[in-house]
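Student: Pasted the sequence and its predicted model underneath.
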Amino acid sequence: MKVLVTAKRVPDPEQKVKIKDSQVDVSGMNWVVNPFDEYAVETALRLCEVVKGGKAERFGEVVVLSIGPQDETTKEIRSCLAMGADRAIHVVADDANLDSWVVAQVVKKIYEEEKPDLLLMGKQAVDGDSNQAGQIVAGLLGLAQACFAAHIESFPDKKELVVTREVDGGVELKKVPLPSVVTVDLRIVSPKAIKNNQTEDSYEYGDGPRYASLKGIMKAKKKPIDVKKLGDLGVDTGIRVKHTTFNPPPERAGGVRVKDVAELLDKLQNEAKVL
Amino acid sequence: MGDHQMSNVLIFCEHKDGKLKTASLPAITWGREVAKHTGGQVYGVLMGPGAAAAAADAARFLSKAVTVEDGGLEKYLAETYATALSKAVKDLGVSHLGATSTNLAKDLFPRASALIGAGMISEVIGVKGPKAFIRPTNAGNALGVVEVLTPVVVATVRQTEFAPAEALPAAGGVESASAGPLSTLGAEYLGVKLSESSRPDLSEAKVVVSGGRGMKNGENFKVLEELTDLFGGALGATRAACDAGYVPNDLQVGQTGKVVAPDLYIAVGISGAIQHLAGMKGSKVIVAVNKDEEAPIFQVADYGLVSTWEAAMPEIIAGVKKAKG
Ligand SMILES: Cc1cc2nc3c(=O)[nH]c(=O)nc-3n(C[C@H](O)[C@H](O)[C@H](O)COP(=O)(O)OP(=O)(O)OC[C@H]3O[C@@H](n4cnc5c(N)ncnc54)[C@H](O)[C@@H]3O)c2cc1C
Ligand SMILES: Nc1ncnc2c1ncn2[C@@H]1O[C@H](COP(=O)(O)O)[C@@H](O)[C@H]1O
């Protein structure tokens, strides 16, 4: 199994967002791998390894694709490699020249070059919050899609996946052939979210994506990163959606601390009039 | 005729049991705001089994309701629905396609936008012009003005930011259209597991009572359910509570869950992480019960009570019972 995983570098979502001159001010921010993409890397690794007697053995190839600025993106790519991905492709582009459409064009192009069995993506980049790129690529490639995956079952002898998807009011089961596009949701990193029918059924992963081991970090330094320029790919690089200005959301007026339940009920009844 | 037609708006209308789903009404309101700028009409498209049966109900809000039924649309699949939807957009020659941002629309719309060749905007919260909209980014901590640069605009609309549309004085007509050739591309729908609930939809409820990891287990959520039902409200939760299996996942409120904006939001045992706040900051009145006085949830709460829920909830429930008579 060969899996192509996309990973975006985003400002650490735990930091406070500052707006300066009508733009999101990213100066001095910490950058991390988009959490959903970190989950996608974890998913790819779980799909491509057999765990028996506590030991993991790889049987597939995991290739990471990241589109981002020249030097800055390397750290996030290395951290995916340190988790266990085999190699990476870095398409150099400035974030301002990207939207989900251009990202999808690039991913499509690399998909066609790499011909993976599966294209795994996060459901959403937590800076832009668009939740579009995976579905767009699937549409452009004419591939089936299974979005918002909470559980994936793969089979050693069948080119298909059974994906449990988060839908309105519950979950849906969808079968997709391989190759196809899967985008992952939060629960995909729960201990038993991936069943590849090779790792023993009783095995439980830790909750959340794996941490890179020291050995993994050392190894990652030697893993290949193929750097390409956006302009050299021969794809449509025209954005279709342009974010022009940003404003902070309206502040909520500060509230009060009530001293006990009686005061709370009184406020709800007589001040807020919601009771 | 061409120019005039190009400025019409098409709303993807979800339907169930012969009725338009109320979740789609805010999208129709968005459509009307856009149509004010374009001078066009607001059409709706209903797809799949039961579309024709629900069309009359939907047409009360629309200039025209178009139904697309086809054996290939028996079960929802993004693969077939996106193809049929993009055909409807092209055949009707509309300039805008919109829907309320349900999970279904989030799955379907970007794919349809790719087939249409249109730029798409997710989670629109305001209309600035025919092709300019406001949308939240960075977990709602920035509001961006976004312009679409393609002739056709595709958008999903945040349900809580547009009022449900009122019926028109005169209902529009109903037409049927063909889906065209469809392929599942090998995808197959295998079934759904829906969580049973008699409560109102989270995104539509007037009161939402949410619990977090501080509730410690699923059993303890019964206390919150009791309070929820006194208000006739909906139950919500944090990611931590969903992941721990206290409650089903579709109750998750937040950046990547449901966005709610009820008249009253009661947060119990919730710390107030950025990602959770993104889903409930728009509530009119926020109440927080948390034993930790430093919890960030208190920064957005109108009324904060520093207490364990074990100590506070029985009295709150008794008080609400009394007030509700
Ligand atoms: C990519 C990504 C997306 C995410 N999306 C979402 C999302 O959409 N929605 C969401 O909710 N989260 C989301 N999260 C998770 C989020 O970051 C937080 O981890 C989560 O919201 C914390 O949930 P919590 O408040 O229940 O738990 P905690 O942060 O553990 O807080 C528990 C609180 O309960 C209080 N408490 C404990 N015992 C008691 C008691 N007896 N009585 C009263 N109070 C008590 C504690 O003081 C504490 O404040 C996301 C995270 C990531 C990385
Ligand atoms: N610059 C990028 N580089 C690599 N992958 C990306 C990039 N932007 C978006 N993606 C992928 O597309 C998914 C959805 O992104 P979005 O549509 O921007 O919310 C993300 O979770 C990533 O997997």
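Tutor: Sure thing, it's come through. As the structure is a prediction and not an experimental result, all values here were calculated from the model. Ligands and ions are numbered 1, 2, ... in the order given.
Student: Now stretch B:218-231 - C-alpha only, PDB.
Tutor: Coordinates of the C-alpha atoms in stretch B:218-231 are reproduced here as PDB (Å, rounded to 0.1, in the frame of the first residue of the first chain):
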ATOM      1  CA  GLY B 218     -21.700   9.200  30.500                       C
ATOM      2  CA  GLU B 219     -24.000   8.300  33.400                       C
ATOM      3  CA  ASN B 220     -23.500  11.800  34.900                       C
ATOM      4  CA  PHE B 221     -24.800  13.400  31.700                       C
ATOM      5  CA  LYS B 222     -28.300  12.400  33.000                       C
ATOM      6  CA  VAL B 223     -28.200  15.400  35.200                       C
ATOM      7  CA  LEU B 224     -27.600  17.600  32.100                       C
ATOM      8  CA  GLU B 225     -30.300  15.800  30.200                       C
ATOM      9  CA  GLU B 226     -32.800  16.500  32.900                       C
ATOM     10  CA  LEU B 227     -31.900  20.200  32.700                       C
ATOM     11  CA  THR B 228     -32.000  20.200  28.900                       C
ATOM     12  CA  ASP B 229     -35.500  18.700  28.900                       C
ATOM     13  CA  LEU B 230     -36.800  21.200  31.400                       C
ATOM     14  CA  PHE B 231     -35.900  23.800  28.700                       C
END
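Student: can you list contacts of that stretch?
Tutor: Here stretch B:218-231 makes contact (CB atoms under 8 Å, 6 or more residues apart in numbering or on different chains) with B:199, B:206-211, B:215, B:234-235, B:237, B:241, B:245-247, B:264, B:266, B:268, B:309, B:313-314, B:316-317, B:320-321, B:324. Where you see a C-beta, it was placed from the backbone N, CA and C, and this is true even at glycine.
Student: For chain B, name the helix or strand with the lowest mean pLDDT.
Tutor: Taking mean pLDDT, DSSP states H and E as the measure, chain B has helix B:2-6 as its least confident helix or strand, at a mean of 46.
Student: Helix or strand next in line after that one, which one?
Tutor: The helix or strand immediately downstream of helix B:2-6 is strand B:9-12, counting by DSSP states H and E.
Student: so how far is the helix or strand following that following strand off the chain centroid?
Tutor: Where DSSP H and E defines the elements, the next helix or strand beyond strand B:9-12 is strand B:15-16. On the basis of CA atoms, centre = their mean, to the nearest Å, strand B:15-16 sits 14 Å off its chain's mean C-alpha point.
Student: So whichever helix or strand comes after strand B:15-16, near chain A or not?
Tutor: Proceeding N to C from strand B:15-16, the next assigned helix or strand is strand B:19-20, under DSSP H and E. No - Strand B:19-20 stays out of contact with chain A when judged by CB under 8 Å from any CB of the partner chain, the minimum separation being 15.4 Å.
Student: Show me what strand B:19-20 is packed against.
Tutor: Packing partners of strand B:19-20 (3 or more CB pairs under 8 Å, 6 or more residues apart in numbering or on different chains; DSSP states H and E): helix B:51-59.
Student: Could you look up the next helix or strand downstream of the helix it packs on?
Tutor: Toward the C-terminus from helix B:51-59 - assigned by DSSP H and E - lies strand B:64-68.
Student: before we move on, the earlier item: pull out the buried residues from the contacts of stretch B:218-231.
Tutor: Buried subset of the contacts of stretch B:218-231 (neighbour count, 16 or more other CB atoms under 10 Å in any protein chain shown): B:207-211, B:215, B:234-235, B:237, B:241, B:246-247, B:264, B:266, B:268, B:309, B:313, B:316-317, B:320.
Student: Please name the residues that touch B:Gly180.
Tutor: Per CB under 8 Å, 6+ apart, neighbours of B:Gly180: B:83-84, B:87.
Student: Swap in 10 Å and give it another go.
Tutor: B:68, B:70, B:72, B:83-84, B:86-88, B:90-91 (CB atoms under 10 Å, 6 or more residues apart in numbering or on different chains).
Student: Now do it, the pLDDT please.
Tutor: Model confidence at B:Gly180, given as pLDDT, is 97.
Student: likewise A:Ala253?
Tutor: 84.
Student: do A:Gly54 as well
Tutor: A:Gly54 is given a pLDDT of 82.
Student: From ligand 2, how far off is it?
Tutor: 30 Å (CB to the nearest ligand atom, to the nearest Å).
Student: So what does that residue look like in phi/psi?
Tutor: Backbone torsions of A:Gly54, given as degrees, to the nearest 10, read phi 80, psi -10.
Student: I'd like to know how many residues surround it.
Tutor: 7 (other CB atoms under 10 Å in any protein chain shown).
Student: dump the residue contacts of it.
Tutor: A:200, A:203.
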